[in-house]
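**Student:** just a sequence and a predicted model for now, questions to come.
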Amino acid sequence: MSAIGKVIVTLAKGFKKPTSKAITKQFGQEASKFASTWRLHPQTAQVLGQTVKKTAEEAIGQAYSAGARSAAVITGGIGTVTTLSAVGYGLHEKNRADNAEIANENLQNVEQELVAANEELRKRQEELEKVKQEAQEAKNKLKEQEEAKKEPVEYTVKKGDCFWNIAKNFLIDEVHKNEQDYKPSDKEILELAKKFMKDNNYHLGADSYDSEPPLYPGDKLNLAA
């Protein structure tokens, strides 16, 4: 015999004319136990209570109208099945709520990961801007150095000087002073010597700069690479 069926029989025995209020109270307690045990959604618990109440009323009515207690037991069994169906529905709704909660947690995790990724991207952008700034500063410094090389350097001719040696020393001591083991080629020396001669207005006929013009100690030359 089902649990609800037994309750119905007990009610049938205990009351000559069970009232709707008594039935509602007794079966409402049973419904409350199910709702509390399974933590049903309020709407589901309400459906459960209404179902049990209706089933109990029908069972009592059949038991007294026909005088057959077995009818109450059978109808009580039907009520049990109906009750279990309501419980199953409640569990289904609870499972859906749990899944929704899990999905919400996953969404929050994704949002947190996105925030972290954006923060990481912001840091990388700051680092990139810093690198760009440093590169620009280095470029500007190099440009300043190049401009400095182009500025004329006043040179006072010493005894034994010639444009070839002056150009050679200038390449080593000024233009490539930061390069260790640098040795200028003859072509580099000749091109710079010709430039020095031209910049200082030393001309030797139609083929100008074919040979070394004379230099005298104390002469002033403007030298620029």
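**Tutor:** Yes, it's here.

**Student:** okay, Val52: pLDDT?
**Tutor:** Note on Val52: pLDDT of 65.

**Student:** low-confidence stretches in this protein?
**Tutor:** 1-35, 38-42, 45-46, 48-49, 52-53, 55-84, 86-87, 90, 144-151, 203-212 (pLDDT under 70).

**Student:** residue boundaries of the strands in it?
**Tutor:** Per DSSP state E, the chain carries strands over the ranges 153-156, 220-223.

**Student:** return the set of buried residues in the first one.
**Tutor:** Read that as strand 153-156. Buried residues in strand 153-156, counted by 16 or more other Cβ atoms under 10 Å: Tyr155. For the C-beta atoms, the positions are set from N, CA and C on the backbone; glycine is no exception.

**Student:** which other residues reach it?
**Tutor:** 166, 170, 174, 218-224 (Cβ atoms under 8 Å, 6 or more residues apart in numbering).

**Student:** of those residues, closest to Glu126?
**Tutor:** Glu174 (39.6 Å; Cβ to Cβ).

**Student:** before we move on, the earlier item: which of the contacts of strand 153-156 are buried?
**Tutor:** 166, 170, 221, 223.

**Student:** farthest-apart pair in these, please.
**Tutor:** It's Phe170 and Leu221 that sit farthest apart of the buried ones among the contacts of strand 153-156, by Cβ to Cβ, at 10.1 Å.

**Student:** residues shared between the contacts of those two?
**Tutor:** Common neighbours of Phe170 and Leu221 (Cβ under 8 Å, 6+ apart) are Phe196.

**Student:** break down this structure into its helices, ranges please.
**Tutor:** 3-14, 20-38, 42-66, 69-150, 163-170, 186-199 (DSSP state H).

**Student:** buried sites along the shortest one?
**Tutor:** Taking 16+ other Cβ under 10 Å as the basis for neighbour counts, the residues of helix 163-170 that come out buried are 163, 166-168, 170.

**Student:** dump those into a markdown table; add distance to Lys187 as well.
**Tutor:** Below are the buried residues of helix 163-170 laid out as a markdown table (distance: Cβ to Cβ, whole Å):
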| residue | distance to Lys187 |
| --- | --- |
| Phe163 | 15 |
| Ile166 | 16 |
| Ala167 | 11 |
| Lys168 | 12 |
| Phe170 | 15 |
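
**Student:** any idea which of the residues you listed is the one closest to Lys141?
**Tutor:** Phe170 (22.0 Å).

**Student:** pull the CA atoms of stretch 189-207 into CSV?
**Tutor:** The C-alpha coordinates for stretch 189-207 follow below in CSV (Å, rounded to 0.1, in the frame of the first residue of the first chain):
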residue,chain,number,x,y,z
ILE,A,189,90.5,59.1,-48.3
LEU,A,190,90.7,60.4,-51.9
GLU,A,191,87.0,61.4,-52.0
LEU,A,192,87.2,63.2,-48.6
ALA,A,193,90.5,64.9,-49.6
LYS,A,194,88.9,66.2,-52.8
LYS,A,195,85.9,67.5,-50.8
PHE,A,196,88.2,69.3,-48.3
MET,A,197,90.0,70.9,-51.2
LYS,A,198,86.7,72.0,-52.8
ASP,A,199,85.2,73.3,-49.6
ASN,A,200,88.3,75.4,-48.9
ASN,A,201,88.6,76.7,-52.5
TYR,A,202,91.8,74.9,-53.5
HIS,A,203,91.8,74.4,-57.3
LEU,A,204,94.4,73.1,-59.6
GLY,A,205,93.5,74.0,-63.2
ALA,A,206,90.9,72.3,-65.4
ASP,A,207,91.3,68.8,-63.9
